[in-house]
Each structure stands twice: as C-alpha cells, then as structure tokens.
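Q: Sharing a sequence plus its predicted fold:
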Amino acid sequence: MRKLVPLLAIGLAASGVAQAASQTDYIIDPEDGVYESKGLLSKMPGGFVPVPTIITEPAVGNGLAVTGLLFHESDEEAAARERGEGSVLPSNISLIGLGATDNGTRGGGIGHLGFWMDDRLRYKGFLLYGDLNLDFYSLGNINLKHPVEMNLVGPFVFQQLTMRYRDSNWFAGVRQIYREVHTSYTGSREVNKVPPAAVDLVARYLERDITTSGLGLVAEYDSRNNPLGPTAGFNYVAHLSRYDKAIGSDLDYDALHLHGLNYWELSPRWDFAFRVQYDSVSGDSNLPPYVLPSVDLRGISSTRYQGEAVLVSEAELTWKWRPNWKFNLFAGLGRTADNFADIGSGSSSTNRGAGVRYQVLQQYGFWMGLDVAEGPEESAFYIQAGSAW
C-alpha cells in the first residue's frame with residue numbers, strides 16, 4: 001500500500017482518496033536493528049509507534065513523511081497478544097502524520113480506524129490539510145500534450161461507517177466527503193509555455209475556490225485471509241456518492257467507484273492476485289481536474305491519465321523464496337474515456353515492474369518491501385507496507 005501522508009495529501013486532489021486512506025493500517029518498528037515476530041506494540045508506552053517514510057510518488061516528487069500510530073488495546077487484547085493467540089488487532093487505531101516533498105508539496109492529517117462490537121462495526125475517519133503542487137494533463141474534457149502546473153490548498157474530511165450483515169463477509173454503510181480547495185495556476189502564462197487550448201481555461205478552471213460536499217452509500221464483501229497481506233480471498237467494494245448544492249457543494253455531480261481484489265494461493269510457493277477497478281464522475285460540465293478519476297498504477301503519476309470514466313486492471317505473481325522473503329512481478333493496463341461505453345476504444349496506458357517483500361511481523365502476516373515500476377513515460381520505486389492494493 002502507498003504510504004499514509006503522501007497519498008492522503010495527494011488525495012485532496014484525487015477522487016480516490018478514500019481508498020488510499022482506507023488501506024493505511026498498521027506499521028511495526030524494528031528493535032535492535034531487526035524485526036521480531038511478536039511486535040513492539042505491547043512494549044511501547046500506550047502502543048505508540050512512530051513511522052518514518054520515504055515519499056516516492058511521481059506526482060509530487062521525492063520527500064519524507066513521519067506518521068505516528070497509536071494502537072488502543074483493551075486489557076483482553078493485550079493479554080491475548082502476550083500469549084501469542086492468533087492475529088489480535090486493537091479495536092481502535094489513531095494516526096497523525098506530516099510530510100513534504102522536493103516540489104514544494106506539503107501536508108498533514110489525523111485519522112482514526114475503529115473495529116467495534118467484535119468487528120461488526122467499522123469506522124474510518126480522516127481530517128487532512130494539503131498544499132500541493134501538481135501537473136495536470138486534462139482540463140475538463142480537453143487532454144493536453146503538456147502539463148498545466150497547479151497549486152491546490154485546503155482541507156479534506158472523509159468519514160465512513162459500515163456494519164457487518166449477521167455473521168457474513170458482507171458490509172454496508174454510509175460515507176461522507178467534504179473538500180475545500182483553493183486552486184491557482186503556478187506555471188508560466190506565456191503562450192509558448194501553455195498549450196493554446198489551455199490559455200482561455202486558466203481563469204475558468206484554475207483560479208477558483210471550490211467546495212465539494214458529498215454523501216454516499218457503500219457496500220463491501222471481504223473474505224481476505226489477512227487485510228494487511230492477503231494471499232487468498234476476495235474484496236469487492238462499491239460506493240456511489242452524490243455531491244449537491246443542497247449539502248453545501250458548489251458543484252453537482254455523482255461519483256461511482258467499483259473495485260475487485262482477488263487473491264489465490266496456487267501452491268505453497270506461488271500466489272496470484274488480480275485487481276480490477278472502475279471510477280467515473282458525471283454531472284456539471286465544468287468539473288475541476290482534481291475531481292476527475294485517474295489511472296492508478298505503479299509507475300504512472302497519479303495525475304497523468306484522467307477521464308470521466310477510468311478502468312484499471314493489474315495482475316501480480318508472487319514467488320515465496322523463503323518463509324520471510326518473497327518476490328513479485330506485476331503488470332497492468334489502464335483506460336480512460338468520456339463514459340463507460342467508450343472505454344473499449346479509449347486511450348490506454350500500461351505498467352510493469354517487480355518487487356521484493358520481507359515479513360516484518362509474522363503474527364499479523366505483515367510484509368514490507370520495495371517495488372520498481374515502469375510506465376509509459378517514466379520509472380518509479382515505491383516503499384510498500386502491507387499489500388500494494
């Protein structure tokens with residue numbers, strides 16, 4: 001999974017922030033230079049773990065972030081952890097983080113993850129503030145050959161509450177998203193520096209203060225054998241959000257997100273995973289570029305390929321070399337279009353790459369490692385904690 005602070009900050013300008021946020025969970029610190037299987041949570045005051053992070057997202061450049069995780073354990077959970085009885089997760093996890101990159105992007109936020117009533121009720125909530133410098137290759141329905149440089153500043157609030165249906169793997173609930181963004185054009189206004197099609201759009205799209213406020217419904221099926229490093233099972237999520245002036249939004253539009261994560265254990269040494277994801281927006285014709293969904297693949301900048309409809313698929317093959325070491329190969333395809341009907345003929349982009357993982361916490365099946373990925377224009381590396389999806 002991509003790291004908390006950079007992607008939560010980037011999420012201020014991307015429609016997929018909730019997914020990035022929801023996959024940020026649990027990090028374990030080393031002791032005496034090595035990682036040990038029982039973990040440090042029960043040994044640290046209050047279960048607090050500071051986590052330094054190297055940011056390697058192409059959209060914002062390279063940088064550093066620090067995230068603090070506070071694990072709230074009950075006496076029963078702490079006793080079970082000491083006895084080593086299975087994978088016992090705390091019922092509440094709080095997060096706080098700060099980060100900055102070499103292109104001037106900086107941001108911070110706080111969050112909370114709750115697993116309540118014996119995991120029958122799940123809550124995710126984040127309050128973020130970002131000052132982001134991003135290059136966009138799309139303005140409305142116009143695709144640009146050269147990027148337009150933008151600065152986006154403001155807060156972002158996300159909340160989601162879901163309830164498990166009886167004793168099944170099904171969850172359903174509600175979500176709320178609120179975002180205030182001040183956008184400004186930070187590139188040169190010279191005609192030879194800005195694509196002609198973008199010159200008359202600068203004032204209309206870039207120099208604006210925009211509030212987007214949305215409410216939505218979410219349904220989820222989750223049978224993964226481990227939410228941190230799954231090797232078997234399925235995770236399917238669908239949520240539809242409505243942004244409307246009646247609830248404080250400056251824009252009226254709908255945002256749909258669908259994803260399916262599939263994991264299979266082919267043999268004791270081989271695992272295979274496949275991901276498919278679809279995002280779309282529809283409504284006002286003058287939606288700002290940070291609202292549009294984008295191709296989310298390793299090796300591709302998060303703002304490089306956008307459209308009102310985006311379909312992404314990615315496959316990953318993993319070889320378990322040793323009990324605590326494994327290597328992976330992955331490749332993916334993304335398509336963008338103006339609507340779902342045109343996805344088949346829409347523009348496409350691909351990625352490919354390889355990675356390595358080390359199991360830092362056997363009790364939770366928690367892995368960390370490095371991915372190197374190549375996209376159409378550039379290559380990038382990612383520090384991964386847990387699953388890449």
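A: Now that the structure is in, tell me what you want to look at. Numbering: from 1, shown residues only.
Q: any low-confidence regions in the stretch 1-150 of the chain?
A: Applying pLDDT under 70 to the stretch 1-150 of the chain flags the ranges 1-49, 73-90, 139-142.
Q: Please repeat the previous calculation with a cut-off of 90.
A: For the stretch 1-150 of the chain, the stretches with pLDDT under 90 are 1-62, 64-93, 95, 113-119, 134-150.
Q: Strands along that one, start to end?
A: Secondary structure of the stretch 1-150 of the chain (DSSP state E, counting those that start in this stretch): strands located at 48-55, 63-72, 92-101, 106-116, 121-139, 142-164.
Q: How about the stretch 151-300 of the chain?
A: 170-185, 208-222, 233-243, 253-265, 270-283.
Q: Same list, these, but as JSON lines with distance to Ser345 and mean neighbour count please.
A: For glycine as for every other residue, the C-beta is placed from the backbone atoms N, C-alpha and C. JSON lines is the format used below for those (distance: least, C-beta to C-beta, whole Å; neighbours: other C-beta atoms under 10 Å):
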{"stretch": "strand 170-185", "distance to Ser345": "31", "mean neighbour count": "18"}
{"stretch": "strand 208-222", "distance to Ser345": "29", "mean neighbour count": "18"}
{"stretch": "strand 233-243", "distance to Ser345": "25", "mean neighbour count": "19"}
{"stretch": "strand 253-265", "distance to Ser345": "20", "mean neighbour count": "18"}
{"stretch": "strand 270-283", "distance to Ser345": "16", "mean neighbour count": "19"}
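Q: can you list those strands in TSV and add mean pLDDT and distance to Gly111?
A: As requested, the strands of the stretch 151-300 of the chain are exported to TSV (pLDDT from 0 to 100; distance: least, C-beta to C-beta, whole Å):
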stretch	mean pLDDT	distance to Gly111
strand 170-185	94	14
strand 208-222	95	17
strand 233-243	97	18
strand 253-265	97	19
strand 270-283	96	22
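Q: and those strands as TSV, adding distance to Thr53?
A: Shown next, in TSV, are the strands of the stretch 151-300 of the chain (distance: least, C-beta to C-beta, whole Å):
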stretch	distance to Thr53
strand 170-185	23
strand 208-222	26
strand 233-243	24
strand 253-265	23
strand 270-283	23
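Q: Among these, which comes closest to Ala65?
A: Ala65 lies closest to strand 170-185 among the strands of the stretch 151-300 of the chain, at 20.7 Å (C-beta to C-beta).
Q: so how far is the closest one off the chain centroid?
A: With C-alpha atoms, centre = their mean, to the nearest Å as the basis, strand 170-185 stands 13 Å off its chain's centre.
Q: What is it packed up against?
A: Secondary structure elements in contact with strand 170-185, counted by 3 or more C-beta pairs under 8 Å, 6 or more residues apart in numbering; DSSP states H and E, are strand 142-164, strand 208-222, strand 233-243.
Q: In the first one, which of the residues would be classed as buried?
A: Along strand 142-164, the positions that meet the burial threshold by neighbour count (16 or more other C-beta atoms under 10 Å) are 144, 147-154, 156, 158-162, 164.
Q: so it versus strand 106-116, what angle?
A: Angular relation of strand 142-164 and strand 106-116 on a 0 to 180 degree scale: 30 degrees, by axes from the mean of the first three to the mean of the last three C-alpha atoms, to 10 degrees.
Q: follow-up on the earlier one: Ala255: which of the helices and strands packed on strand 170-185 is closest?
A: Among the helices and strands packed on strand 170-185, strand 233-243 sits nearest to Ala255 (C-beta to C-beta), with 4.7 Å.
Q: can I get the helices and strands packed on strand 170-185 in JSON lines with distance to Lys124?
A: Formatted as JSON lines, the helices and strands packed on strand 170-185 follow (distance: least, C-beta to C-beta, whole Å):
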{"stretch": "strand 142-164", "distance to Lys124": "5"}
{"stretch": "strand 208-222", "distance to Lys124": "10"}
{"stretch": "strand 233-243", "distance to Lys124": "12"}
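Q: Specify the stretch among the ones you listed that is closest to Gly369.
A: strand 233-243 (20.5 Å).
Q: The closest one to strand 170-185, inter-axis angle?
A: Put simply, strand 233-243 runs at 50 degrees to strand 170-185, going by the same axes, to 10 degrees.
Q: Tell me the strands beside strand 233-243, with direction?
A: Here strand 233-243 has these sheet partners by DSSP bridges: strand 208-222 (antiparallel), strand 253-265 (antiparallel).
Q: now what about that strand, what contacts it?
A: Applying C-beta atoms under 8 Å, 6 or more residues apart in numbering, the contact partners of strand 233-243 are 18-19, 175, 177, 212-225, 249, 251-263, 283.
Q: OK, contacts around Gly214?
A: Listed by C-beta under 8 Å, 6+ apart, the contact set of Gly214 reads 176-178, 241-244, 247, 249, 255.
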